[in-house]
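Student: predicted model and sequence below, questions to follow.
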Amino acid sequence: TARTGAWVERTLSPAGLKFCPYTASSRLSGTGLEGYGVEAAPIAYAYCDGASLVELLCSFWEAANAMLDGGEAATSSIVLSAPRWDGEWDLWCRVVFPLLEESVLAAKLGRDLGIVCFHPHYSTPDEAWLARHRFGHMYSPRKLREYVALHDAELAASVTDEELLWAGSYQRRSPHAMINVLWARHLEQAEQKRKSSLLYTRNLRRALGE
């Protein structure tokens, strides 16, 4: 939990790489959206010591239920670490996250919860996979290049597809296999405020600069 909190501070918050404009620190998120009816609230850290899908799903739903019960005022998001899955990137990508998506949809909570995929070995899946399983994943290098071309001609002229793949993937790399659970309403409100293409362009330049 300490390592994961340090990673949030180092990569997402203003004290670090500022990848998420709504994460104030390792303890507080949902900031900067007050004008859209979103109040800042604590980040909840959860932990799964299990290596089976059953154990992981139990940990996920225990944390998600606590978030749903407490509401937006109690929890801004969940950061659930599952270190037994650190060496299982392919399973994490191709089994765990499609299963999480089906589980959330089966519970009829698709409009309540959003889930983002992180992993120590995260690598953005190919476009054929993303076309069927976009849930939780980074955009493809082709889409990121469209964003960069729109906002940063200098970077667009110099960056390679391999660098875009690395910089996009880097934004989803964490100390441990990790599930980030967010309020779907917060994601929708963030989309109203931010320009996603500009945010991703800025983050790509920052990652490549580092």
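Tutor: Cool, got the structure.
Student: pull the distance from the helix or strand of the chain with the lowest mean pLDDT to the chain's centre.
Tutor: Ranked by mean pLDDT, DSSP states H and E, the weakest helix or strand in the chain is helix 184-193, scoring a mean of 76. Remark: helix 184-193 is offset 14 Å from the chain centroid, using C-alpha atoms, centre = their mean, to the nearest Å.
Student: which helices and strands sit right next to the helix or strand following that helix?
Tutor: Next helix or strand after helix 184-193 toward the C-terminus (DSSP states H and E): helix 196-209. Applying 3 or more C-beta pairs under 8 Å, 6 or more residues apart in numbering; DSSP states H and E, one finds that helix 196-209 makes contact with helix 141-151, helix 153-158, helix 161-170. Quick note: C-beta positions are derived from backbone N, CA and C, even for glycine.
Student: next, the angle from helix 196-209 to helix 184-193.
Tutor: 90 degrees (axes from the mean of the first three to the mean of the last three C-alpha atoms, to 10 degrees).
Student: what kind of secondary structure is the residue at minimal distance from the centre of the chain in?
Tutor: Of all residues in the chain, the one closest to the mean position by C-alpha atoms, centre = their mean is Val116, 3.7 Å from it. Following DSSP: H, G, I helix; E, B strand; the rest coil, we place Val116 in the strand state.
Student: hey, what's it bridged with?
Tutor: Asn180 (DSSP bridges).
Student: hang on, it packs against Arg134?
Tutor: No. Contact between Val116 and Arg134 fails when scored by C-beta atoms under 8 Å: they sit 11.7 Å apart.
Student: now do the shared contacts for the two.
Tutor: In terms of C-beta atoms under 8 Å, 6 or more residues apart in numbering, Val116 and Arg134 are not both contacted by any residue.
Student: checking my notes, Pro120 in a helix, right?
Tutor: No. Applying three-state DSSP, one finds Pro120 to be coil, outside a helix.
Student: distance-wise, check it relative to Ile179.
Tutor: The gap separating Pro120 from Ile179 is 14 Å, by C-beta to C-beta, to the nearest Å.
Student: go on, Leu53?
Tutor: In terms of C-beta to C-beta, Leu53 sits 13 Å off from Ile179.
Student: coming back round to it: out of the helices and strands packed on helix 196-209, nearest to Trp7?
Tutor: Proximity to Trp7 (C-beta to C-beta) singles out helix 161-170 among the helices and strands packed on helix 196-209, at 12.3 Å.
Student: quick one: mean pLDDT over that closest one.
Tutor: Helix 161-170 shows a mean pLDDT of 98.
Student: likewise stretch 129-136?
Tutor: 91.
Student: what does that stretch contact?
Tutor: 94, 97-98, 100-101, 115-117, 124-125, 137, 139-140.
Student: before we move on, the earlier item: redo the helices and strands packed on helix 196-209 as TSV? Include mean neighbour count and distance to Ser77.
Tutor: Listed next are these as TSV, based on neighbours: other C-beta atoms under 10 Å; distance: least, C-beta to C-beta, whole Å:
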stretch	mean neighbour count	distance to Ser77
helix 141-151	18	24
helix 153-158	12	30
helix 161-170	18	20
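Student: including distance to Val38, could the ones you listed go into JSON lines?
Tutor: Listed next are those as JSON lines, based on distance: least, C-beta to C-beta, whole Å:
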{"stretch": "helix 141-151", "distance to Val38": "24"}
{"stretch": "helix 153-158", "distance to Val38": "31"}
{"stretch": "helix 161-170", "distance to Val38": "26"}
